[in-house]
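# Predicted model follows, preceded by the sequence.
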Amino acid sequence: MTAAADTARRTPHDDRPVGVPDLDEVTGEWVDADDLAHLPSLRNQRGQGHVNHDLTSLSWLAAPPYSFGYHTGVLRLDGTVLDAHRFRWKPWGVQREHRDAEVSVRTDTRMALGRDLLLWRVEVTNEQAQAVTYQLDQELFALLGEAEVGWGWLYDVPWSNGDYHDFITLERIRDNTRPGRDGSPYLLGPGPRRVRLGRPRLPGIQRDEDSSPMLMRYELPRHVSQDTVYPHRSAVPGVLRNLRCGTDEEGGTLLDLAGPVELAPDTQVDLDEFELRDGLLVSFEFRPETLTEPGVILTHGNHPDSLQLGIDADGLWVGISGETAYADTPLRAGEWHTIAVVLSENQATLLLDGWPVARTGHWTRSDRWRTTVVDNTVRTADGRSAARAAYAFSTAPTELTGLGAGARATWSLTLAPGETRTIGVVCAYGTDADEVLDVATRTAAGFDEALDETEHGTRRLWRNMFTPGNEDFSGHLPTFEPDDPKLGRAYYMGALLVLYMRTVRASPTEPVFLTGGPRLGPTTTFYWDHTEWSRMYALLEPSGLRAWLLRALAGPYRDSFGFDTRHGGPLGNEYASTDYALFRLVEHYVCVTGELAFLDEPAGTDTVGGHLERLAHGWRDRRRAATGGVLADFGDDAWRVLECVPNYLNVIASLNAGYVAMMRSLAELFRLRGREEEADRALEQAGALAAGVLGLYVPGGRWSVRHPEHTDTIGHVLDFGLVASAMHADLSPTQRAEMVDFVSEHLLTGAWMRALSLDDPVAASSDRPDHGAGGAFGAWPGVTAHGLAKLGRPDLAVAVLRATPDAASGGLWGQAMEIVDRDPDRSGRPDRRDPANIRVRVAERGVSNRDSIAGAATAEAVLSALFDVNPTFADLGGAVVGPGVVRRPGVGVLSHLNVAPVRPATEPYH
């Protein structure tokens with residue numbers, strides 16, 4: 001779009017900077033439900049949530065310190081749950097629509113911008129030729145909790161018997177919002193699991209053995225916060241015998257152990273594995289040694305939804321899938337008791353000496369929350385925290401009644417042919433019951449204004465992102481006026497993703513940009529994902545990046561992949577990419593802002609500059625004689641690198657090329673600070689590393705992976721992207737051409753790409769849609785475009801970037817974009833290389849995130865690949881790009897680019 005065209009279509013009150021498109025031009029088209037895998041999300045600069053398959057319910061709502069359990073309730077028309085036929089995502093909310101020959105229902109669901117407030121607008125239209133009376137029923141659940149602990153990647157969610165993360169069960173409950181599945185069972189989890197007697201494995205590891213693979217079907221790593229506390233961590237002392245697991249009806253026995261087995265607090269006994277099923281009977285005899293030590297007797301698996309039996313306060317309890325039941329009948333120490341649990345799809349029944357003593361209930365009837373109906377409002381109080389919620393309505397319901405832990409609002413609507421009626425529903429939440437009620441009732445009274453405020457506020461933030469000296473950000477992004485509208489949309493969609501992932505409450509010290517969600521991490525930032533948009537981060541929010549970097553460098557970054565921004569604790573396992581990620585973030589902050597003095601800033605036990613040197617030299621303590629002794633060996637744990645490519649271990653080209661770039665940039669910094677000998681040594685070491693990386697090259701554009709005993713060849717985008725970025729000048733013309741051909745012929749396809757070539761030997765065992773052959777991570781097209789430009793093919797970089805908007809599933813790119821076969825060939829097998837036979841969508845399988853900040857790499861690549869905004873420490877001693885305009889023929893115009901001149905530090909940083 002041109003500046004003239006943009007100005008011509010403006011309204012008198014539209015004060016967007018010239019060249020910045022209206023948000024409606026960037027995204028927001030209707031998408032049929034059948035074309036979606038991952039449903040849209042909601043965000044409001046405070047929290048996040050997911051819409052479900054029906055027309056109104058929400059799950060995975062979290063706005064720290066608040067989180068919601070289960071879902072908020074489905075909408076019924078004449079007693080039937082209607083499915084959403086199509087969805088339209090906007091950054092301020094999600095519309096859902098059901099339309100048939102008789103009626104259409106359209107809803108608009110929003111998290112009010114910057115407020116602890118949910119808004120629903122429901123429109124019912126009579127599509128018939130005669131007047132019709134409809135009954136509209138809306139369930140109203142607000143099963144929330146409030147806490148300052150448990151904010152990990154797997155963050156705590158309220159359940160009937162406590163707060164913890166149970167991804168699998170909550171997804172089963174979400175699936176029950178589909179029409180026809182209302183009230184379906186959710187207790188019995190899929191997959192075989194091992195029976196364990198005594199001390200349980202901590203839930204959240206979600207693998208029965210440390211060595212078993214994480215296939216991301218039923219498994220999740222235990223990425224919880226350090227303050228997470230598990231209620232039962234030891235065995236009940238006693239003796240168990242005659243354990244039997246089976247079903248009388250089928251006559252089958254899944255497990256039979258005569259025993260006896262003696263249990264002490266630290267005892268753990270692993271037995272056989274099997275899958276739970278309807279009608280299963282688990283029985284055994286148990287003689288407790290003492291009743292003063294609560295703990296666990298038996299666990300099926302070690303997932304959060306596992307069946308578990310134990311003793312607490314001299315009585316038995318049984319737990320499964322968020323529901324726990326306690327027996328009133330006490331046990332007797334030193335005596336034998338017969339204990340059994342009978343499982344059905346809806347209930348676990350606990351029996352003691354032949355008598356039923358406890359039964360689990362349904363989540364809608366949980367006694368954790370107390371809900372009351374008063375004066376056309378619904379008020380909910382959490383029994384385990386100070387959390388309070390209130391529902392109110394723009395149109396008073398015909399009837400409002402209690403419904404277990406929630407309520408039901410009913411409207412009787414008589415509509416003439418073609419007539420539409422609109423109803424507004426509001427849910428406010430907080431810790432002050434009176435204030436929450438007041439907010440809900442006042443918002444309901446001015447419902448349309450509240451709905452509009454969220455949209456208008458989002459548009460203001462969008463405008464200010466590109467406005468120098470604005471009131472919302474400490475910096476701003478450049479304005480891009482493209483020659484190709486599709487290229488412009490790719491840039492602005494990437495910028496919108498940054499805005500969408502922003503939160504102003506997750507951190508107590510600075511606005512932060514979350515890594516993913518909404519099913520995970522409402523306070524989490526990963527180091528690696530921020531690298532994918534580090535230039536934009538430094539341009540848009542330099543003050544926030546500065547504060548974030550000081551917190552990151554003060555923590556144990558070598559042992560984690562990121563941290564909880566609310567409390568600063570480290571999260572997850574070691575990532576091999578951390579050295580490269582944090583170096584680039586520091587480098588881009590200093591080189592964009594010109595604040596060289598930042599390197600003197602203390603961060604934990606060292607200065608920022610001291611950390612920077614340690615990061616660049618990270619290859620030194622990773623070398624192993626068994627793999628050559630020159631390049632970094634990242635070990636044999638695939639979860640340190642790509643998490644799913646089983647042979648991407650040990651010595652790899654990608655991150656070693658990253659060390660080459662770090663050492664060369666560090667040398668220029670040394671030289672700038674007068675440390676000439678160290679600069680020469682750093683360049684010499686970089687040269688040795690570069691030679692080692694080039695020794696991994698395989699003709700045809702692929703790279704070797706060197707293991708202690710053998711060498712593999714792999715065709716992965718990460719090798720292409722980092723080698724092309726860091727070492728393009730070291731490559732021969734033949735190598736450059738072969739790398740470009742490899743990416744073009746084996747990875748790029750249609751509107752997206754594959755992370756791993758389909759003909760790679762490990763492709764069949766690495767089909768995850770972010771890093772395997774099934775698709776690609778949201779950042780990889782941007783990384784690829786940057787690499788293509790560095791290899792002398794900016795034309796191909798443009799082609800890659802301009803295609804990406806077509807892959808966004810009606811919103812923005814997700815963590816994993818999967819390639820789906822559209823039409824099979826004549827043999828009955830789809831041709832997965834033919835772009836005409838594939839489509840791309842945001843993946844849901846593999847515990848993928850609907851939202852991922854890494855997708856901002858598309859906008860980053862416009863800056864870095866097409867306009868060569870690649871500031872390094874070498875630039876601090878020479879010419880700098882100042883505020884102004886940059887033109888690229890065939891690409892467009894970049895204006896308001898603000899890379900500041902260097903501001904010298906008063907003292908050396910090291």
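Yep, that arrived. Residues are numbered from 1 along each chain as shown.

# ok, for residue 857, nearest residue in space, not its chain neighbours?
Of all residues not flanking residue 857 in the chain, residue 782 sits nearest, at 2.8 Å (C-beta to C-beta, 6 or more residues apart in numbering). Any C-beta I mention is one placed from the backbone N, CA and C, and that applies to glycine too.

# would the one you found count as being in a strand?
No. With DSSP: H, G, I helix; E, B strand; the rest coil as the criterion, residue 782 is assigned helix and is not in a strand.

# and it, how many residues sit next to it?
Using other C-beta atoms under 10 Å, residue 782 is surrounded by 31 other residues.

# how many neighbours does residue 292 have?
10.

# So it: helix, strand or coil?
Of the three states, residue 292 takes coil under three-state DSSP.

# contacting residues for it?
Residue 292 makes contact with no residue, according to C-beta atoms under 8 Å, 6 or more residues apart in numbering.

# Let's see the distance spanning stretch 118-133 from one end to the other.
This stretch, stretch 118-133, spans 28 Å end to end (C-alpha to C-alpha, to the nearest Å).

# Low-confidence ranges, the chain, go.
1-14, 203-219, 248-251, 822-836, 877-883, 903-910 (pLDDT under 70).

# what are the ranges of the strands in the stretch 701-850 of the chain?
702-706, 711-714, 748-749, 752-753, 775-777, 816-821, 838-842 (DSSP state E, counting those that start in this stretch).

# List the contacts of the longest one.
Counting by C-beta under 8 Å, 6+ apart, the neighbours of strand 816-821 from elsewhere in the structure are 37, 749-750, 752, 754, 768-770, 774-778, 807, 830, 832, 837-843, 845-846, 848-849.

# What's the PyMOL syntax to select whichever of the residues you listed are buried?
Buried subset of these, written as a PyMOL selection, criterion 16 or more other C-beta atoms under 10 Å:
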select buried, resi 37+749+750+752+754+768+769+770+774+775+776+777+778+807+832+837+838+839+840+841+842+843+846+848+849
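
# And the strands of the stretch 701-850 of the chain: which comes nearest residue 76?
Among the strands of the stretch 701-850 of the chain, the nearest to residue 76 by C-beta to C-beta is strand 838-842 (28.6 Å).

# other SSEs contacting that closest one?
strand 816-821 (3 or more C-beta pairs under 8 Å, 6 or more residues apart in numbering; DSSP states H and E).

# Stretch 127-142: end-to-end distance?
With C-alpha to C-alpha, one end of stretch 127-142 sits 33 Å from the other.

# which residue ranges form the helices in the stretch 1-150 of the chain?
With helices called from DSSP state H, counting those that start in this stretch, the stretch 1-150 of the chain shows them at 3-8, 23-26.

# And the stretch 351-500 of the chain, by the same measure?
Assigned by DSSP H, counting those that start in this stretch, the stretch 351-500 of the chain shows helices spanning 433-445, 447-465, 485-500.

# repeat for the stretch 651-800 of the chain
Ranges of helices within the stretch 651-800 of the chain are 653-672, 676-694, 717-727, 733-742, 780-790, 794-803, based on DSSP H, counting those that start in this stretch.

# Can you report how many residues lie near residue 710?
Other residues near residue 710 come to 8 when the count uses other C-beta under 10 Å.

# any idea how far it lies from residue 169?
As defined by C-beta to C-beta, to the nearest Å, residue 710 lies at a distance of 42 Å from residue 169.

# thinking again about what came up before, give me whichever of the helices of the stretch 351-500 of the chain is most buried.
Mean neighbour count (mean count of other C-beta atoms under 10 Å) peaks for helix 485-500 among these, with a mean of 24.

# next helix or strand past that one?
strand 502-503 (DSSP states H and E).

# mind checking which of the helices of the stretch 351-500 of the chain is nearest residue 165?
Between residue 165 and these, the shortest separation by C-beta to C-beta is 23.0 Å, and it involves helix 485-500.
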